[in-house]
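Enquirer: here is the input, now give the coordinates:
(chains A, B, C and D)
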2 protein chains.
Amino acid sequence: MTVVEGMAIDQYGARQRILDSTAELVIEHGVAGVAQRQIADRVGIRAASLYHHFASKNEIVEAVFRRGIDVMEGAWDEAADATHGADPYPRLAAHIRAHLSALFDHGPYTAAHVSAFRTAPAAVRDAVVPMRDAYEARWTGLLGELAADGELANGTPIGLSRLALFGAMNTTVEWFDADRGNLDELAEVITRQFWNGVAA
Amino acid sequence: MTVVEGMAIDQYGARQRILDSTAELVIEHGVAGVAQRQIADRVGIRAASLYHHFASKNEIVEAVFRRGIDVMEGAWDEAADATHGADPYPRLAAHIRAHLSALFDHGPYTAAHVSAFRTAPAAVRDAVVPMRDAYEARWTGLLGELAADGELANGTPIGLSRLALFGAMNTTVEWFDADRGNLDELAEVITRQFWNGVAA
DNA sequence: GTCTATACCACGATAGAC
DNA sequence: GTCTATCGTGGTATAGAC
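Expert: Okay, here's the model as predicted:
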């Protein structure tokens, strides 16, 4: 457990709990649908006390989204390290599994990001877009490599294929229950379907 | 142009414009992010005048969602009629094209439904769920038929496959620009990817 | 670092004139 | 069928005590 420099431990803890609560609420109701009172209630403080930690609601939401992207990037790096020089299918499978891990295994941040980003005010969205783009570029890069190696069907439109894959992965936050379902199984189904399709 | 029984033409027109405006706004901002004043502004009336046509904001939103489902069902029926007895691939392709048509070619209702449903109050969601389920059951039925005919790979998990396909189709509302892109092409890419995958 | 109190505004909704 | 006017509520945000 690291402590951010210049911050007391309990202060960092409060920040954490605020971000956690906001992320959870925003997944279900969208950004505009969540009041600061609701966030404060979950944390166990009064709404006004949020302003000791953040300058505005938008700042809280932006921090949630940024962290959601950090989590995805971290998961990507782990998968990349683990599959250095591996075959195309296991490599792809590892990255899909990592993305789903980011959505379900590392807090509510990535799920909040993918499900509520569109409902955020333009100012928040604009501030976060460069980070989003960087993550998406990693995926485009991976698929581009596979195409260059002749692993993809001729004429596969990489941009569209990536978007379709993202759609399949990201909408799982709307229906997949991490407590009941098996994440490995889910990852395998999505990977196989993306790679081979469903046809006999 | 049909006229709803017992309603004057201009009244029906106002209802329409209210629903149109609401659907468009809700796609971008989520339900909670749209104020009745914004809706009224688009229609060119005052917020209070909305209450001549609807009893509450929730009622407007619910009507938008219901209509979004009606549009999808209509598109499904057309595709089903046109592909009676056809081969599996063209049949599936027609239904995917129809779903995308519902999202982009028949007003903002279906797009509003798929992108903002989660952000609606529970009362609205509960009222609409049965209609959603009926539409989803059509898809499950189609995939089940294909499986029974041996057209799907052994062990294909129909429920999960359908959800992944829905994810790919429905998230297009977040990035596809119907004015610039080619919807036939988009439908074909999604169909081929679902059926055959991207592997060489 | 959290509290109470409050300012200010936007929201959904209603009443009643035209 | 739309308007003006208004009510009550709940939103973000600030001031200042503790």
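
Enquirer: can you pull the contacts of the most centrally placed residue in chain A?
Expert: The structure's chain A has its C-alpha centroid closest to A:Thr110; by Cα atoms, centre = their mean the separation is 2.7 Å. Residues in contact with A:Thr110, defined by Cβ atoms under 8 Å, 6 or more residues apart in numbering or on different chains, are A:68-69, A:71-72, A:102-103. Just so you know, the C-beta spots here come from the backbone N, C-alpha and C atoms, and that holds for glycine as well.

Enquirer: got those as CSV, with neighbour count, pLDDT and distance to A:Phe166 columns?
Expert: Output for the contacts of A:Thr110, formatted as CSV (neighbours: other Cβ atoms under 10 Å in any protein chain shown; pLDDT from 0 to 100; distance: Cβ to Cβ, whole Å):
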residue, neighbour count, pLDDT, distance to A:Phe166
A:Gly68, 30, 98, 14
A:Ile69, 21, 98, 14
A:Val71, 21, 98, 16
A:Met72, 24, 98, 11
A:Ala102, 27, 98, 12
A:Leu103, 27, 98, 11
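
Enquirer: closest to DNA strand D out of these?
Expert: Of all the contacts of A:Thr110, the one with the least separation from DNA strand D (Cβ to the nearest atom of the strand) is A:Gly68, at 19.3 Å.

Enquirer: are we agreed that A:Trp140 is in a strand?
Expert: Trp isn't right for residue A:140; it's Thr. No: A:Thr140 sits outside any strand when classified using DSSP: H, G, I helix; E, B strand; the rest coil, being helix.

Enquirer: was I right about it contacting A:Gly159?
Expert: Yes: A:Thr140 is in contact with A:Gly159 according to Cβ atoms under 8 Å; the separation is 7.0 Å.

Enquirer: now, the most widely separated pair of the contacts of A:Thr110?
Expert: Greatest spacing in the contacts of A:Thr110, by Cβ to Cβ: A:Ile69 and A:Leu103 (12.2 Å).

Enquirer: helices of chain A, start to end?
Expert: Under the criterion DSSP state H, chain A contains helices at A:9-29, A:36-43, A:57-82, A:88-104, A:109-116, A:122-148, A:158-170, A:183-196.

Enquirer: low-confidence ranges in chain A?
Expert: Along chain A, the parts satisfying pLDDT under 70 run over A:1-12.

Enquirer: give me that answer again for 90
Expert: Regions of chain A meeting the criterion pLDDT under 90 cover residues A:1-13.

Enquirer: neighbours of the nearest residue to A:His95 once chain neighbours are set aside, how many?
Expert: Excluding its sequence neighbours, the residue lying closest to A:His95 (Cβ to Cβ, 6 or more residues apart in numbering or on different chains) is A:Ala79, at 4.9 Å. A:Ala79 sits with 20 neighbouring residues when counted by other Cβ atoms under 10 Å in any protein chain shown.

Enquirer: likewise for the one 10 residues further on?
Expert: Applying other Cβ under 10 Å, we find 15 other residues in the vicinity of A:Tyr89.

Enquirer: thought it was touching A:Trp195?
Expert: Yes: under the criterion of Cβ under 8 Å, A:Tyr89 makes contact with A:Trp195 at 6.2 Å.

Enquirer: can you work out which residues contact both of those two?
Expert: Counting by Cβ under 8 Å, 6+ apart, the residues touching both A:Tyr89 and A:Trp195 are B:Ala199.

Enquirer: the closest residue to A:Trp175 other than its chain neighbours and B:Leu100, how far apart?
Expert: Distance criterion Cβ to Cβ, 6+ apart; nearest residue to A:Trp175, sequence neighbours excluded, is B:Leu163 at 6.0 Å. B:Leu163 sits 17 Å away from B:Leu100, going by Cβ to Cβ, to the nearest Å.

Enquirer: also A:Ile69?
Expert: According to Cβ to Cβ, A:Ile69 stands 29 Å off from B:Leu100.

Enquirer: now do A:Glu174
Expert: 19 Å.

Enquirer: looking only at neighbour counts, state which of these two leads.
Expert: It is B:Leu100, of A:Glu174 and B:Leu100, that has more neighbours when counted by other Cβ under 10 Å, with 24 against 16.

Enquirer: pretty sure that one contacts B:Asn170?
Expert: No: shown here, B:Leu100 and B:Asn170 do not form a contact pair, counting by Cβ under 8 Å, at 9.7 Å.

Enquirer: which ones are touching A:Ala112?
Expert: Neighbour list for A:Ala112: A:22-24, A:26-27, A:64-65, A:68 [criterion: Cβ under 8 Å, 6+ apart].

Enquirer: also near DNA strand C: which of these, exactly?
Expert: Checked against DNA strand C using Cβ under 7 Å from any atom of the strand, these give no members in range.

Enquirer: farthest pair within these?
Expert: Farthest-apart pair in these is A:Glu24 and A:Phe65; separation 14.0 Å (Cβ to Cβ).

Enquirer: which one's more surrounded, the two?
Expert: Higher neighbour count among A:Glu24 and A:Phe65: A:Phe65, with 26 against 19, using other Cβ under 10 Å.

Enquirer: contacts only, for the more buried one.
Expert: Counted by Cβ under 8 Å, 6+ apart, A:Phe65 has contacts A:109, A:112-113, A:117, A:120, A:124, A:128.
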